[in-house]
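# Generate coordinates for the sequence data below:
(one chain, ligands or ions: 1)
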Amino acid sequence: AARRIITIDGPAGAGKTSVSRRAAGALGLPYLDTGAMFRALALRLGPGGHELPERAIEGALGAMAFDLAGCGADTQLLIDGAPLPEAARTETVGAMASKLAALPVVRAGLRAVQQSLGRRADLLAEGRDMGTAVFPQAACKIFLDAAAEVRAARRVRQLEALGAPADYGEILAAIEARDHQDRTRAESPLAAAADAVVIDTSGLTEDEVLAAVTAAARAVA
Ligand code: C5P
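Down below sits the predicted model:
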């Protein structure tokens with residue numbers, strides 16, 4: 001039988017990760033944080049990883065094992081048996097991930113892993129191209145957006161909570177650069193699918209965004 005897939009895409013700092021985790025809990029679905037996969041590869045390859053020979057990148061990716069354990073808000077994405085370290089949530093690692101994410105070899109490799117996870121179980125899948133390229137058949141597609149200034153302020157608060165305080169101006173510049181890179185790459189650029197429900201989260205609380213997401217998901221299945 002076809003799997004029930006819900007996709008949530010959007011730019012950095014739109015509130016995708018925390019809302020996706022909570023929505024997965026409310027809907028009783030395993031949650032797939034695909035950004036964590038790109039970040040894990042960035043950690044594995046280190047700075048400048050995107051300039052390594054294609055075969056080296058392909059080899060590193062092929063040697064990584066991705067698995068989902070549990071369901072709902074407690075879902076764990078395991079990379080070689082362990083969750084992504086919190087230290088990989090920084091904007092520095094995000095920028096490295098974004099450079100790798102523009103490479104066709106990386107996109108093809110991770111897309112295959114993501115689709116295979118989506119054949120094994122129902123999923124709430126979060127990222128940049130879930131509704132457009134990876135799961136075009138998804139029952140419900142959501143695109144979360146927000147003004148760049150709002151997204152930067154949220155990222156600064158998140159980074160403070162992680163114990164990595166950051167400068168607002170620097171974070172704003174960094175996420176604008178990362179979004180530009182993600183939106184303008186040739187393969188699977190960040191974009192709302194034509195049939196996505198677009199939610200501007202700028203003036204909304206996280207609870208309000210969660211309510212809008214779960215309502216959209218429940219409306220279709
Ligand atoms: O969502 P997160 O900030 O963790 O993603 C890190 C980077 O990984 C993004 O900036 C993007 O370049 C890449 N990514 C992607 N496709 C996805 C998820 C993330 O290209 N589905």
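# Look at Ala161 and say how many residues are nearby.
By other Cβ atoms under 10 Å, the residues close to Ala161 number 11. C-beta: built from backbone N, CA, C; applies to glycine.
# can you tell me how far it sits from the ligand?
16 Å (Cβ to the nearest ligand atom, to the nearest Å).
# Arg39 now?
5 Å.
# Over to Pro47?
From Pro47 to the ligand the distance is 15 Å (Cβ to the nearest ligand atom).
# again with Arg3
18 Å.
# How about Lys141?
For Lys141, the distance to the ligand equals 13 Å [Cβ to the nearest ligand atom].
# Can you give me the neighbour number for that residue?
Neighbours of Lys141 under the rule other Cβ under 10 Å: 24.
# Point me to the residue sitting closest to the centre of this protein.
Nearest to the geometric centre of the chain sits Gly127, at 2.9 Å (Cα atoms, centre = their mean).
# Return the residues in contact with the closest residue to it other than its chain neighbours.
Of all residues beyond its chain neighbours, the one nearest Gly127 is Thr34 (3.6 Å), with distances taken as Cβ to Cβ, 6 or more residues apart in numbering. Thr34 makes contact with 110, 114, 125-128, 130, 134, according to Cβ atoms under 8 Å, 6 or more residues apart in numbering.
# Could I get the buried residue list for the helix or strand where Ile175 lies?
In this assignment (DSSP states H and E), Ile175 forms part of helix 168-184. The neighbour-count check on helix 168-184 (16 or more other Cβ atoms under 10 Å) flags 171-172, 174-176, 178-179, 181-182 as buried.
# For Leu124, give its distance to Arg55.
For Leu124, the distance to Arg55 (Cβ to Cβ, to the nearest Å) stands at 34 Å.
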